[in-house]
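Novice: Okay, here's the prediction I keep looking at, along with the sequence it came from:
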Amino acid sequence: MLDPLTSLGLASNIVQLVEFGLTVASKGRELASTGTTAEHEHLKVLTRDTRVLCYELDRQVIVSVGSGGTSTDSENEKAIKHVARKTKDAAEELDLLLQSLKLQDPEAGSERPPKRRRTAISRLAKGL
């Protein structure tokens, strides 16, 4: 016979295992039907918005430098421009990573090789 705390711990572990299994099954179903997850789509939108903002910021700094100003403003604007470019580069890298995780459209007929599918599913499982 188990003492009450041990029984509670065992029941808690079983519930966690079932919850994890259901989450993996749900994400697997979502991947199979759409080729991506809602989280990935959200990150894709954020990445696109970040790239647009960085482009606009870079463009505004160029216009501002062209209109004249003090050398301090110019140095600050150069620093902002540098940060904007680095952020844009990171956003592009994230977008490429998200593209590599996306499964092919299930209705397109050709499926991804099994190894890439296993890699995408294992990356998804690590994120849970």
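Specialist: Happy to help now that I have it. Numbering: from 1, shown residues only.
Novice: how about low-confidence regions in the protein?
Specialist: 1, 61-73, 104-118, 120-121, 123-125, 127-128 (pLDDT under 70).
Novice: Packing partners of the helix or strand hosting Arg29?
Specialist: Using DSSP states H and E, Arg29 falls within helix 4-34. Packing partners of helix 4-34 (3 or more Cβ pairs under 8 Å, 6 or more residues apart in numbering; DSSP states H and E): helix 114-126. Yep, even glycine has a C-beta here, placed from its N, CA and C like the rest.
Novice: circling back to that earlier point, angle of the helix or strand just after the helix holding Arg29 against helix 4-34?
Specialist: Counting by DSSP H and E, the element after helix 4-34 in chain order, helix or strand, is helix 38-66. Counting by axes from the mean of the first three to the mean of the last three Cα atoms, to 10 degrees, helix 38-66 lies at 70 degrees to helix 4-34.
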